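S.K.: Provided below are the primary sequence and the corresponding predicted coordinates.
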Amino acid sequence: MNPLPMGMLILLIMMHGTFQTLYDNSIGNNIVISGDSHANWATDLIWLDEHAYDPTTGNGSIGVEFAGTAVSSPSPYGQNISLATANEASDLLVQYNRELQWSELYYRGYFELQISHELVEANYFGMPTIVNRNPDEISLANFTVLSGANALQRNPSPGGGIVENGALKLGKTVQTNSTNDTATGIYFISNDPVEDL
Ligand SMILES: *[C@@H]1O[C@H](CO)[C@@H](O)[C@H](O)[C@H]1NC(C)=O
Ligand SMILES: *[C@@H]1O[C@H](CO)[C@@H](O)[C@H](O)[C@H]1NC(C)=O
Ligand SMILES: *[C@@H]1O[C@H](CO)[C@@H](O)[C@H](O)[C@H]1NC(C)=O
Ligand SMILES: *[C@@H]1O[C@H](CO)[C@@H](O)[C@H](O)[C@H]1NC(C)=O
Ligand SMILES: *[C@@H]1O[C@H](CO)[C@@H](O)[C@H](O)[C@H]1NC(C)=O
């Protein structure tokens with residue numbers, strides 16, 4: 001048996017204590033911002049196996065977790081990964097993780113959070129290529145969390161049910177490659193074959 005790496009063990013113990021505190025005291029409106037995995041994802045926040053959870057409605061969730069990809073480091077699924085291979089891996093991740101609503105492994109980029117009293121909105125962006133210096137970005141996905149909901153918004157499902165890339169549990173992926181040249185604000189269709197080196 002492989003022992004858990006120490007960092008992972010400490011993280012698990014911390015998460016256990018954090019979940020216990022949040023659930024025991026019914027603390028809601030939790031938004032966790034994550035990184036380090038070099039991948040984009042959006043997930044409901046739940047203590048799996050301890051509390052009931054319905055992935056379709058989000059019932060049982062006590063918040064939301066948004067993770068941002070890397071700006072320039074490669075995809076965790078491999079340098080020079082193709083868009084098709086990255087999306088196959090995202091399909092599996094979303095299929096096997098009940099709480100994971102969106103996974104995206106291809107694009108390098110960033111996300112913005114808009115926070116108000118009524119809602120939190122996450123807007124994800126990816127660069128069509130980082131092989132050269134350029135001002136181009138693609139809107140990848142948008143998510144909303146309503147105050148008090150403690151889960152990603154459904155009905156319409158996350159992002160209105162459509163994301164640009166990756167896999168969305170309650171919706172679909174529709175690739176447009178519609179790209180904002182942020183130097184001019186003029187949109188064009190990019191087809192860069194290599195996102196990353
Ligand atoms: C949500 O889950 C709780 C406990 O598991 C259950 O009592 C409640 O009826 C559920 N609510 C909805 C809207 O499904
Ligand atoms: C990715 O592509 C670049 C350029 O072709 C090459 O130098 C590099 O070794 C490749 N990396 C991997 C992990 O295949
Ligand atoms: C995200 O929202 C922005 C602003 O409303 C919109 O321009 C963009 O197309 C949306 N992106 C996706 C993937 O739906
Ligand atoms: C596109 O880029 C322009 C220039 O940076 C910016 O003003 C605009 O808000 C961008 N469009 C979207 C939908 O983000
Ligand atoms: C979008 O661009 C990618 C390369 O980055 C390409 O694999 C894909 O076929 C393109 N899709 C569309 C709909 O143009």
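M.R.: Good, I have the coordinates. Ligands and ions are numbered 1, 2, ... in the order given.
S.K.: What is the neighbour count of the nearest residue to Pro76 once chain neighbours are set aside?
M.R.: Excluding the flanking residues, the one nearest Pro76 by C-beta to C-beta, 6 or more residues apart in numbering is His38, at 4.8 Å. (Each C-beta comes from the backbone N, C-alpha and C, glycine too.) By the other C-beta atoms under 10 Å criterion, the neighbourhood of His38 contains 18 residues.
S.K.: Likewise for the one 4 residues further on?
M.R.: By the other C-beta under 10 Å criterion, the neighbourhood of Ala42 contains 27 residues.
S.K.: if I look at it, how far off is ligand 2?
M.R.: Applying C-beta to the nearest ligand atom, to the nearest Å, the value for Ala42 to ligand 2 is 27 Å.
S.K.: Am I right that that residue is in a strand?
M.R.: Yes. Counting by DSSP: H, G, I helix; E, B strand; the rest coil, Ala42 is found in a strand.
S.K.: so where's the chain shaky on pLDDT?
M.R.: For the chain, applying pLDDT under 70 flags the ranges 1-14, 155-160, 197.
S.K.: quick revisit: regarding the residue nearest to Pro76, what is its secondary structure?
M.R.: At His38 the chain is in coil, as set by three-state DSSP.
S.K.: just Arg133 next, same as before
M.R.: Counting by three-state DSSP, the backbone at Arg133 sits in coil.
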